[in-house]
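Chemist: got a sequence here, can you build the structure:
(chains A and B)
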Amino acid sequence: MMKFSKFAACAAFLSVGVSAGALHAQTAEVLHWWTSGSEQAALGEIRKAFEAKGGTWVDTPIAGGGNARAAAVNRMLGGDPAAVFQFSIGQQLRELADQGLLANVGDVAKAENWDEKLPPLIVKAAKYDGNYIAAPINIHGENWMFYNTSVLEKAGVEVPETWDDFIAAAEKLKAAGVTPIGLGGQPWQERIMFNSVLLGVAGREFYAELYSTLDDDLLKSDTMRKVFETFAALKPFVDEASPGRNWNEATNMVAKGDAAFQFMGDWAKGEIIAAGIEPGTTVGCAFAPAIDKAYIMTVDAFAFSAMDGEDATPAQTLMAQVMLEPDVQIAFNKKKGSIPARLDVPADSFDVCAQTAIKTLQDKKTHLVSTGLFGVPSAVSGAIDDSISNFWNSADMSPEEGQAQFQQAISYAK
Amino acid sequence: MAEPAPDVLQRSDDQKPPIKSGKKRWRPQWSAGVALIPAMTITIVCFYGFIIWTFVISLTRSRLLPVYKFTGFDQYVRLFANERWWTAMQNLAIHGFLFIGGCVVFGYLLAILIDRGVKAEGMFRTLFMLPLSMSFIVTGVIWQWVMNPGLGLQEAVRALGWASFEFNWIVRPDRSIYTLAIAGIWQQVGLCMALFLAGLRNIDPNIWKASRVDGIPVWRVYLHIITPMMRTVFFTVFILMSAIVMKAFDLVVALTGGGPGFSSDLPARFVVDHILNRQELGLGAAGAFVLLCTVIAVISPYIYFELKKERSGRGH
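Modeler: Here you go, the predicted structure:
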């Protein structure tokens, strides 16, 4: 009897061991570039949910997007891929899929009906051959204008709704001794401001058509010249020390009241919160001046390596499912400062700025893509950054010359 | 002073012992050959092999991954139509000239000053060598702060009362390239000084005595006698500094990030940026290959002449 029960105990122990072994199959290595405090905290929410469902998370953080992307690709080519890796969706990811390096998570996507719940533009970018090769987890907006309310009040300036208003307001602010625009003078930040001007002056349809066709006629049009003229008119409104400044330093200038406005993506909210300010109070958020309402989206996504064959492993499937669960979406995005990629999750627990964004995105006409990550091929994206930055920093370049240079750079890169 | 050490005199026209011929010779050469195999394999594969591979890639459409669909010299056409590339190449010339020139001139002057017998020579030597212990990244960050018009030197001088003082090169597209040379020279001048100092200490003291007897002013001795004797040291310094210029990447990343715009970009940064951040493998490879050709075209005549001179000099 005793012997038998011992045997039973042994068997029970073994079976536990075996099922633990089965759980071990749910191990996923996650390669990502989210190393800052708020990013880590946000990713921690996904990790928590993944582990609660029995997954084992192996964390491989690599600082810097370029480095992390290179590492992910190199490991794939070397035959030791990370199961889940952060990547930007779009052309480059499709290139990996072309080589059969990616697994598809189409089954989860179908079961969870991603096609309906994600914005169509993002659906398109995340798919290859009709199957999802990545899980888009959030939406950042790039056409935000953050402003210091008390600085505006002191100078007697309203939050501008058109670029003409903005220029008038900026002149007043400059006369009052404030730097009107806190700009970090790095190419991508200058491009964010340029795209806001483009959207504001030319409208959302022009923006969408320009960047989806890269058409020469549009690039050479009078509308485009007006965009460049408006953009050039902003040059006097930044301070001397702007070139090379990091975006978060510029955000701090606005938070401290040294600068009045900053054109930046909504990740700036993280910095504002870190400065002890609730977004929407002392530092307000509004869309950059524009003739119609739109939201320039950029997306963070995770892709899945082909481990054995192109079907996702159980761990990858579980990860994809967890990432787009409504609860996880809310918890993750509140810490990240973005809004959920799924437009059907309740907005009420988010801050004012995010609520505005979620409400805006319900109208599909407002959906636009950033040229930074997935709107255009990366060669074009780079050419845009280069030529915008060159135009912004060349005091003696006329808007016409800037426009011609922009058009040339794009036509060589596309 | 002690009298001329005969060995110094001997060393100056030193002759290599005649190479013995015959059977005894093959053994050491054979073992040396074996010992060289690993190094040679690495050189051939990692150096020449990858140069060829880079060239092959530059003829393809490769973007994120290497693909072998050949498109002829398309990438070179795109490269040469790229304004940023030409800015980078022009910057390489400016930076190379200023940086190497600055290092040679200041390094030599410092070495001469120390060689004239300053007090606390050891302290000065250490002081000038210290920046060398820092990486280019750290150097870049330090100088970025110093030259930032909002918080560095300009602000400090203005706070002292000189309100019109201006030192804003780092934010001026037409001047930013010079800031690279300033930071680079600051870091490398110590190494050049050490090399020159070693060279100066090797000069036969008899030359100084002779020149003193002849009543030649010190500056002329340096200019017309010592400097020509230091030829090999100048050569070494030039080669070392050229290598640093060609691969200059970290300094520009940390100091200006290539900005404002791309006004202070350098070819190495252009290449890395296009390969890693923009997934333009083909274009980046084309850039790397053109850079290599440029380096060979500029440096090889100098190396050739120097080595030839040395060889024929030895024959006398």
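Chemist: for B:A286, grab the count of nearby residues.
Modeler: 29 (other Cβ atoms under 10 Å in any protein chain shown). Any C-beta I mention is one placed from the backbone N, CA and C, and that applies to glycine too.
Chemist: relative to B:A88, how far out is it?
Modeler: B:A286 sits 13 Å away from B:A88, going by Cβ to Cβ, to the nearest Å.
Chemist: and the strand of greatest length in chain A, what other elements does it pack with?
Modeler: The residue-count maximum for a strand in chain A (DSSP state E) belongs to strand A:295-304. Here strand A:295-304 touches strand A:84-87, helix A:91-98, helix A:120-126, strand A:134-141, helix A:187-202, helix A:314-323, helix A:352-361, strand A:367-369, going by 3 or more Cβ pairs under 8 Å, 6 or more residues apart in numbering or on different chains; DSSP states H and E.
Chemist: from those, which stretch is densest packed?
Modeler: Of all the helices and strands packed on strand A:295-304, strand A:84-87 carries the top mean neighbour count, a mean of 27, counting by mean count of other Cβ atoms under 10 Å in any protein chain shown.
Chemist: what about that one, distance to the chain center?
Modeler: 14 Å (Cα atoms, centre = their mean, to the nearest Å).
Chemist: quick one: list the elements packing against it.
Modeler: strand A:27-32, helix A:65-77, strand A:295-304.
Chemist: excluding its backbone neighbours, what's nearest the residue positioned nearest the centre of chain B?
Modeler: A centroid search over chain B (Cα atoms, centre = their mean) returns B:M241, at 1.3 Å, as the residue closest to the centre. Counting by Cβ to Cβ, 6 or more residues apart in numbering or on different chains, the nearest residue to B:M241 once its immediate chain neighbours are dropped is B:I100, at 4.6 Å.
Chemist: now do the SS call for that neighbour.
Modeler: At B:I100 the chain is in helix, as set by DSSP: H, G, I helix; E, B strand; the rest coil.
Chemist: residue contacts, the residue of the stretch 1-150 of chain B found nearest chain A?
Modeler: Proximity to chain A, evaluated over the stretch 1-150 of chain B using Cβ to the nearest Cβ, is greatest for B:G150 at 3.3 Å. Going by Cβ atoms under 8 Å, 6 or more residues apart in numbering or on different chains, B:G150 touches A:239-241.
Chemist: please spell out the PyMOL selection for the buried subset of the residues you listed.
Modeler: In PyMOL, a selection of the buried entries from the contacts of B:G150 looks like this (16 or more other Cβ atoms under 10 Å in any protein chain shown):
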select buried, chain A and resi 239+241
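Chemist: and chain B, which of the contacts of B:G150 reach it?
Modeler: Here is what survives when those are matched to chain B using Cβ under 8 Å from any Cβ of the partner chain: A:239-241.
Chemist: wait, isn't A:D165 in contact with A:P289?
Modeler: Yes. Look at A:D165 against A:P289 with Cβ atoms under 8 Å: they come within range, at 6.6 Å.
Chemist: tell me which of those two has more neighbours.
Modeler: Between A:D165 and A:P289, counting by other Cβ under 10 Å, A:P289 is the more crowded of the two (23 against 14).
Chemist: check which helix or strand covers the more buried one.
Modeler: Taking DSSP states H and E as the definition, one finds A:P289 inside no helix or strand.
Chemist: and the gap between A:I133 and A:V123?
Modeler: A:I133 is 12 Å from A:V123, by Cβ to Cβ.
Chemist: just give the number of residues close to residue 36.
Modeler: Answering for chain A, as no chain was given. For A:S36, using other Cβ under 10 Å, the count is 13.
Chemist: my bad, the chain I had in mind was chain B
Modeler: 11.
Chemist: packing partners for the helix or strand it falls within?
Modeler: Counting by DSSP H and E, the element that carries B:L36 is helix B:26-42. Judged by 3+ Cβ pairs under 8 Å, 6+ apart, helix B:26-42 has no packing partners among the helices and strands.
Chemist: contacts for stretch A:198-213?
Modeler: Contact partners of stretch A:198-213, identified using Cβ under 8 Å, 6+ apart, comprise A:143, A:162-163, A:195, A:215, A:218-219, A:223-224, A:226-227, A:230, A:288-294, A:296, A:365-366, A:368-369, A:371, A:375-376.
Chemist: can you rerun that using 7 Å?
Modeler: Residues outside stretch A:198-213 that contact it (Cβ atoms under 7 Å, 6 or more residues apart in numbering or on different chains): A:143, A:163, A:218, A:223, A:226-227, A:230, A:288-292, A:294, A:296, A:365-366, A:368, A:371, A:375-376.
Chemist: same deal with stretch A:256-275?
Modeler: Contacts for stretch A:256-275 (Cβ under 7 Å, 6+ apart): A:38, A:140-142, A:144-148, A:150-152, A:173, A:178-182, A:192-193, A:196, A:247-248, A:250-255, A:279, A:283, A:288, A:298, A:337-338, A:353.
Chemist: are any of those buried, and if so which?
Modeler: A:38, A:140-142, A:144-148, A:151-152, A:173, A:178-182, A:192-193, A:196, A:247-248, A:250-255, A:279, A:283, A:288, A:298, A:337-338, A:353.
Chemist: among these, which lie within strands?
Modeler: Using DSSP E, the buried ones among the contacts of stretch A:256-275 in strands are A:140-141, A:144-148, A:179-181, A:283, A:298.
Chemist: just give me the closest of those to B:Q279.
Modeler: For those, the closest approach to B:Q279 (Cβ to Cβ) belongs to A:T298, at 16.8 Å.
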